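> pasting a predicted model and its sequence here:
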Number of protein chains: 2
Amino acid sequence: MALITSAVEGPIAGVFTTNRLPAAPVILDRLHLRRKVGRAILINSGNANACTGLQGLRDAEETAQRVANQLGCPRHAVYVGSTGIIGPALPMPFIRKGIPLLMQRVRRSGDREAAQAILTTDTKVKEVTLKACIGGQTIRIGGMAKGSGMIHPDMATMLAYLTTDIAIDQKVLQTSLQQAVHQTFNCISVDGDTSTNDTVLCLANGLAGNQVIRSRSSELDQFQELLEKACRSLAMQICRDGEGATKFVEIQVHGAKNHAEAKQVANTVATSLLVKTALFGEDPNWGRVIAAVGRAGPSMRADTIHLSFNEIVAVKNGEGCCASIERRIHRIMRRKTFTMTITVGKGKGSATVWTTDLSNDYVNINASYRS
Amino acid sequence: MALITSAVEGPIAGVFTTNRLPAAPVILDRLHLRRKVGRAILINSGNANACTGLQGLRDAEETAQRVANQLGCPRHAVYVGSTGIIGPALPMPFIRKGIPLLMQRVRRSGDREAAQAILTTDTKVKEVTLKACIGGQTIRIGGMAKGSGMIHPDMATMLAYLTTDIAIDQKVLQTSLQQAVHQTFNCISVDGDTSTNDTVLCLANGLAGNQVIRSRSSELDQFQELLEKACRSLAMQICRDGEGATKFVEIQVHGAKNHAEAKQVANTVATSLLVKTALFGEDPNWGRVIAAVGRAGPSMRADTIHLSFNEIVAVKNGEGCCASIERRIHRIMRRKTFTMTITVGKGKGSATVWTTDLSNDYVNINASYRS
C-alpha cells in the first residue's frame, strides 16, 4: 500500500477508465470528485477490487473513511486506488491494520517507496518531478504511476497520481488534466486491453503561494505545458516498461481526414499482433503494417500510402521499395527505439501513438500471472 | 500453386476482405465477379501479391489469362488467389512455367494435393465434402481453405474455395454464400488481423441436373443448410489450426440489446491478449474476461453480468464465485475445447465466436515468419 497526503486540502482533478464495468475504487473516486477537494490518496496493489459488487464498494468506502479518521478530514477528501487481480474481495484485515502503520511512515522523501509499493508486474518505478516559475512563484509538480499490462487507455490509463503546489481553481485543473491525459496517457498501448481501474488524479494544494489561476492566462499555459510534460514522462515510462517489451516504437500517422481517423489507424497498427510480433522479431515485414492500416476503418486510396522506418522509406505511393531497403529497415528495427511514419492520404489529420512489441515474455508473464 | 477447374462454366459467388487496401487478386476477382461465371480458380501460396500496385494487378491478369488460354474460356471466368508475404512482386517466371504443368496434373482426385498446395503456416489441410438429396438429385459440395494467422474475418476470411454441382441462379448463390459466410467464417478470430487477401468463392457448375434454383424454396433452404455446414466445417478447421493454438474456445454472448452488440462483446473477449494468454496458461483468471466485456463498448449494468465456463458458473449478477469454483474452472480450462457463456443483460441479442489461445508458439511463428 502507498499513501499520498497533503498538508492541506486542495482542488483535485480526476480522469477515469471508460470501461463499462469500473472497479469499486473508480466508482467511489467518481463520487468523491463531485466534492472537488482532495487531501489524501491510498493505493493498494495485488487486488483490483473490481467485479466485487456491493461488498467491494463498502470496502473502498471503509478504507477511505479510516484514512479520513486518521487525518481528521471528511471522507470525500480521501481517494482510493486498487490494482491487481480482478475478482477477489479486498483483504480488509490487512488494510485495517496497514493504515495506521502507513500514517506513521508518511514523510516528504517517501516518494520512491510509494512508487515502488503500487507496482504489480512492472519492472521499474515510474516517477517524475518537475518545477517551473509561474506567476512569480516556483511551482513543483510530482507524479508516480504504475502500469505494465492491460494498457490501452481510453480517456484515462492505469494508475497515475500527480501532486502540485500550484494554486489553481478545480474546474480549470480538471480541464487541464483531461487535456494532458488525452495527449499523453491516451496515446500509449501495450496490449489493447483497457483496464477496469484506470485512474489519473492530480491534487493541487496551493502552497506555492501564486495568485490562484482561475481562467485562461499565460500562467495557465505554462502550467498546462508542465502538466503535459509530467504526464508524457509517466506515460512513456509505462509504455517502455510494458510487459515483456523489448522495443519502444512511436507510430505517427499523417494525411488522414481528421485526428480521429489518424488515431484509429495508429491504434490499429499499435495493437496488431502481427505488427507487434514482427517488431519483436526485428523482421522488416512492412506488409503487416500496411495490412493493419488497410483494416483500420477509414477509407483510403492505395496510391497515397507511404510508410517509413525512421528515415528509410519502405512504401511509396502504395508500392513497396526494393529488397535492399529491407536490410536497411532491419538495421533500424534492431534498435530499441524507432519511429514508423505512415501517410494515408492528403488530409490534415495526424496522430501519434507509442507502443511496444509482443514478446515471448509477454505470453509467459500473462499465462502465469496467478497459477 | 493449386488449380481448380470445372468441366463447364457455371455461376460463381464471392465474398472478399473488407480491408481498405485489398490485394491485386481480390481486385481482379471482384472485377471478374461482375460477369458472374466461373470455370477455374488458380491459387498460389508464398506470395500475397498485395501492396504491389499496378504491376501486381497486371501479374494477376496475366495469370488468369494464361489459365483461360489453356482452358479455352474467357479470362473473366478464371479467378486467382494469392497468400503469403505482402510486398514482393509475384514470381511470374515460375507462374508462367507452372500453369501448363498444373493443367497436365488436374484430375478428379487431386483435392488433397490442392488443399496442401495453398497452405502457408498452416499445419493441417482443411477440406470438406458433403452431399445431400435436393430436388430429387444428389448434390455434392466440396471445399478447401487455408488460414492460420491474420485471421479476424470481417465479411470474408482468408482463402476458401467451394465447388458444387447444384444448378442454381448466380444471384441466389451469391446471397446464400454471403449468409453462410456471415454465420461461419465471420465468427472466427485467431489474432484480430483482417487480411488483405481474404476470399471465399463458391462455384456451382450445375452438373447435378436438378431444376435450377431461382428463388426461395425448400430446395434453397436445404442447399443453404448444406453450404453453411461446409463453411462452418472449414471455418472451424482454420480456427483449430490457428498459429500456435493449443485451445479452441467457443464464446457465446447472450442478453445483449441486439446481435451487433453481442458480436462486439464476443469479439472483444476473443481478441483480448490477456484473455488469450490466460487460456494458454489455463489460468482461471475470469476477471480478464469481465474486463474485456466491460471495455467492448455496449453499455451494461454490472449486476446483470453472468459468466460460465461450460457448466461452471464463475460470475453471477456481476460478482465472482468462491475460490473453490476456480479449481473447477481450471479443470475445464485444461481441456482442448470448451465454451465460455457470457450474459450481459436482459436483451435478446446473442452471438457466437470461435477463437484460440495466444501461445509462445504464436510469437515464435510470427517473429520469424521470414527472417
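Arrived safely, thanks for sending. Residues are numbered from 1 along each chain as shown, chains lettered A, B, ... in the order given.

> mind listing what's buried in the longest strand along chain A?
Determined from DSSP state E, the single longest strand within chain A is strand A:2-16. For strand A:2-16, the neighbour count (16 or more other Cβ atoms under 10 Å in any protein chain shown) marks A:2-6, A:9-16 as buried. Using the backbone N, CA and C atoms, a C-beta is placed for each residue, glycine as well.

> now the residue of the stretch 201-350 of chain A at minimum distance from chain B. Nearest residue, chain neighbours left out?
Going by Cβ to the nearest Cβ, chain B is nearest to A:Gly287 of the stretch 201-350 of chain A, at 2.4 Å. Spatial nearest neighbour of A:Gly287, chain neighbours left out: B:Ile86 (2.4 Å); criterion: Cβ to Cβ, 6 or more residues apart in numbering or on different chains.

> thought the one you found was touching B:Ala48?
Yes: the pair B:Ile86 / B:Ala48 is scored as a contact, 4.8 Å apart, by Cβ atoms under 8 Å.

> mind listing the shared neighbours of the two?
A:Gly287, B:Ala23, B:Thr196 (Cβ atoms under 8 Å, 6 or more residues apart in numbering or on different chains).

> so what's the second one up against?
Read it as B:Ala23. Residues in contact with B:Ala23 (Cβ under 8 Å, 6+ apart) are B:Thr17, B:Ala48, B:Asn49, B:Ala50, B:Cys51, B:Thr52, B:Gly56, B:Ser82, B:Ile86, B:Thr196, B:Asn197.

> out of those residues, which are inside strands?
B:Ser82.

> still on that earlier bit, quick one: which of the buried residues of strand A:2-16 is nearest to A:Arg96?
Distance to A:Arg96, by Cβ to Cβ, is smallest for A:Leu3 among these, at 14.0 Å.

> my guess is that closest one contacts A:Ile41. True?
Yes: the pair A:Leu3 / A:Ile41 is scored as a contact, 7.4 Å apart, by Cβ under 8 Å.

> and the strands in chain A?
Applying DSSP E to chain A gives strands spanning A:2-16, A:37-47, A:78-85, A:126-134, A:137-146, A:159-164, A:188-189, A:199-204, A:248-256, A:306-309, A:312-316, A:319-320, A:337-343, A:349-356.

> centre of the chain to the third one, how far?
Meaning strand A:78-85. Taking the mean of its C-alpha atoms, strand A:78-85 sits 15 Å from the chain's own mean (Cα atoms, centre = their mean, to the nearest Å).

> what is the mean pLDDT for that strand?
Taken as a whole, strand A:78-85 has a mean pLDDT of 90.

> what's the answer for the longest one, then?
Strand A:2-16 shows a mean pLDDT of 92 in the predicted model.

> would you put the C-alpha positions of that strand in CSV?
In CSV, the C-alpha atoms belonging to strand A:2-16 read as follows (Å, rounded to 0.1, in the frame of the first residue of the first chain):
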residue,chain,number,x,y,z
ALA,A,2,1.0,3.6,-0.6
LEU,A,3,-0.4,6.8,0.9
ILE,A,4,-0.1,10.2,-0.5
THR,A,5,-1.2,13.1,1.8
SER,A,6,-1.1,16.8,1.5
ALA,A,7,-0.6,19.2,4.5
VAL,A,8,-3.8,20.9,3.4
GLU,A,9,-6.9,20.1,1.3
GLY,A,10,-6.8,21.4,-2.2
PRO,A,11,-8.6,21.1,-5.5
ILE,A,12,-8.3,17.7,-7.2
ALA,A,13,-9.0,16.6,-10.7
GLY,A,14,-9.5,13.1,-12.0
VAL,A,15,-9.9,11.1,-15.2
PHE,A,16,-11.1,7.5,-15.1
